[in-house]
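[1] Give me coordinates for this.
(one chain, ligands or ions: 1)
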Amino acid sequence: MTDAFVAIEGDRVIEARARSPGTTRGELVFTTAYTGYEESLTDPSYEEQLLTFSYPLIGNYGVRKERFESDRVHPRGVLAREMTEDVASWLHEEDVPAIDHLDTRDIVTEIRDEGAMRAGIAAGPDATREDALEQLDQCEHMSDHTEIGAQVSVDGPTVHNEAGDGPRVALVDCGAKGSIIDSLVERDATVYALPYNASVADVESVDPDVLFISNGPGDPENFEQAGEVVDALVGDVPLAGICLGQQVVANALGGRTEKMEFGHRGVNQPVRDLRSGQVVMTTQNHGYTVADPGDTLEVTQVNVNDDTPEGLDNDDLDIITRQYHPEANPGPHDSLSFFDDVVAMADD
Ligand SMILES: NC(=O)CC[C@H](N)C(=O)O
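    Reported below is the predicted structural model:
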C-alpha cells in the first residue's frame, strides 16, 4: 500500500508505507548499525534529522525504556525497510512520522553518491507527493539550526551522584547521551550537567576537576559559548570531549571543522591508535569532522577507512577528546577505557 512519500533533493519522490502518520522534514542520513535502534532513536545528536536504517528489519527485540539515551525520540522522521509494530507504535505515540516498505538500499546509495541531503516526508491516509515536496521545499540545512542546543540541553544545572568520591565533572550538556553520564557516575564521578550556553563563571562555580563537552546535534560552529568556556579554562582544568565535544574543543583551540559528505553512522567504524598501533571497533554518529586540528592538539587516533581524526590529545595540557562514542550505547565496548583515562586525568 502506498500511503507515504519521501521527497529528496532533485525533487525525486519515493513511495512508501505509513507506520506513524504526519508530515516532516530534515537532513536525510543513514546508519549502518544492525542493533541499537532504541539508543539511536533517543540519541539527541539526531535532532532535526531523518534517520534511515540500512539494516532491513528494525524492532525485532522490542522497545525497552532502560535502553533509551534520553527521554524522547530525536530524529524528526524514521525510514526503514521493515519496522515492527513495537517501534511503529512507539514512534506514533511520540508523534514522529515513520515509514517502511521502501527501498532503503536505494536511499543509502543516493546519500553515498550525493551526500547527506534535505528531504521531506508525508505519511498517512491523506498524504500526497505534493505534501512531501512542499516539506522538502521548506527544509533547512543543518547549519541553519543555530539554536539547536536549546532543544536538547538541560534547562539548568543538574547534579548526578552528588555524594560521589571521584572527580567533579562539569559537563557542558550540548545534548548529552545518558550513557555518557552513566559511564562517569559508574567511576564514582560527580557530574554537574550545565546548559549548552553556560558561562565561564557557571562552570567555575562547580569547582570542576575536569571540563567535559558532550556530544550534540548540528553544526559545531553553532556552539560558540561552549568554545568560549574551553578557551577560558584550557590549561587550568583538564579537558575532555566526545563527538561534538571534540569538534567544539578543536574549533576553540585554533582548529577548524567542516561538513563531511555523508558522515559516519554505525557501530563498526575501525579506529587506529597512532601511538599503540591498535585498532578498535567504535560506534559513531557524526556528519562533521575536524578538518584542521590547529597547533595545540595532536591527532592520536584516525579512522582506518578515511583517515579522519578520531582522537585529539595534548598530554601537557591534559586534553583528551574522541570523535567516536566510547560509551558504546549501542555498539562495541572496545573503547570504554576512555572514561578511566578521563577520571585518571582529573585525579592527577
Ligand atoms: N554525535 C555527535 O555529537 C554529533 C556531532 C555533530 N552534530 C556532527 O554531526 O558531527
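[2] What's the local residue count around the closest residue to residue 140 other than its chain neighbours?
    Distances taken as Cβ to Cβ, 6 or more residues apart in numbering put residue 118 closest to residue 140, at 7.6 Å, once the chain neighbours are dropped. For glycine as for every other residue, the C-beta is placed from the backbone atoms N, C-alpha and C. By the criterion of other Cβ atoms under 10 Å, residue 118 has 20 neighbours.
[3] what does this protein put close to the ligand?
    45, 215, 216, 217, 218, 220, 243, 244, 285, 286, 287, 288 (Cβ under 6 Å from any ligand atom).
[4] coming back round to it: my hunch is that the residue nearest to residue 140 is in a helix, does that hold up?
    No. Using DSSP: H, G, I helix; E, B strand; the rest coil, the secondary structure at residue 118 is strand, not a helix.
[5] Could you pull up the contacting residues of it?
    Counting by Cβ atoms under 8 Å, 6 or more residues apart in numbering, residue 118 touches 8, 9, 25, 26, 27, 28, 136, 139, 140, 141.
[6] Between those, which sits nearest the ligand?
    Using Cβ to the nearest ligand atom, the shortest approach to the ligand within the contacts of residue 118 belongs to residue 27, at 9.4 Å.
[7] For residue 332, which residues are in contact?
    267, 268, 280, 281, 282, 283.
[8] Show the pLDDT at residue 1.
    Here the pLDDT value assigned to residue 1 is 79.
[9] any idea how far it is from residue 98?
    Distance, residue 1 to residue 98, by Cβ to Cβ, to the nearest Å: 15 Å.
[10] more crowded one of the two?
    Neighbour comparison, residue 1 and residue 98: the larger count goes to residue 98, with 32 against 9 (by other Cβ under 10 Å).
[11] Is that one bridged to anything, and to what?
    On the basis of DSSP bridges, residue 98 is bridged to residue 20, residue 78.
[12] one step back: just the buried members of the contacts of residue 332?
    Using 16 or more other Cβ atoms under 10 Å as the burial test, those include 267, 280, 281, 282, 283 as buried.
[13] Between the contacts of residue 118, which sits nearest residue 94?
    Using Cβ to Cβ, residue 26 comes nearest to residue 94 of these, at 15.0 Å.
[14] Now do the phi/psi pair for the residue lying closest to residue 284 once chain neighbours are set aside.
    Distances taken as Cβ to Cβ, 6+ apart place residue 264 nearest to residue 284, at 4.0 Å, with adjacent residues excluded. Dihedral angles of residue 264 (phi, psi; degrees, to the nearest 10) stand at phi -120, psi 120.
[15] Give me the neighbour count for residue 264.
    So residue 264, with other Cβ under 10 Å, has 22 neighbours.
[16] List the contacts of it.
    By Cβ under 8 Å, 6+ apart, the neighbours of residue 264 are 284, 285, 286, 303, 308, 324.
[17] Take these and lay them out in JSON lines including pLDDT, distance to residue 17 and neighbour count.
    As requested, the contacts of residue 264 are exported to JSON lines (pLDDT from 0 to 100; distance: Cβ to Cβ, whole Å; neighbours: other Cβ atoms under 10 Å):
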{"residue": "284", "pLDDT": "98", "distance to residue 17": "29", "neighbour count": "23"}
{"residue": "285", "pLDDT": "98", "distance to residue 17": "26", "neighbour count": "28"}
{"residue": "286", "pLDDT": "98", "distance to residue 17": "30", "neighbour count": "23"}
{"residue": "303", "pLDDT": "98", "distance to residue 17": "36", "neighbour count": "19"}
{"residue": "308", "pLDDT": "98", "distance to residue 17": "36", "neighbour count": "17"}
{"residue": "324", "pLDDT": "98", "distance to residue 17": "34", "neighbour count": "27"}
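[18] any idea which of the residues you listed is closest to the ligand?
    Using Cβ to the nearest ligand atom, those come closest to the ligand at residue 286, 3.2 Å.
[19] part of a strand, is the closest one?
    Yes. Note on residue 286: a strand contains this position according to three-state DSSP.
[20] and it, bridged to which residues?
    Bridge pairing for residue 286 - DSSP bridges - gives residue 264.
[21] My guess is it contacts residue 243. True?
    Yes. Counting by Cβ atoms under 8 Å, residue 243 is a contact partner of residue 286 at 5.5 Å.
[22] hey, what's in contact with both of the two?
    With Cβ under 8 Å, 6+ apart, residue 286 and residue 243 have common neighbours 45, 323.
[23] Can you give me the neighbour number for the closest residue in space to residue 85 that isn't next to it in sequence?
    Counting by Cβ to Cβ, 6+ apart, residue 85 lies nearest to residue 59, which is 7.6 Å off, once chain neighbours are set aside. Using other Cβ under 10 Å, residue 59 has 22 neighbouring residues.
[24] Got phi/psi on residue 59?
    Torsion angles at residue 59 (phi, psi; degrees, to the nearest 10) stand at phi 120, psi 10.
[25] If anything else comes up later, I'll come back, but that's it for now.
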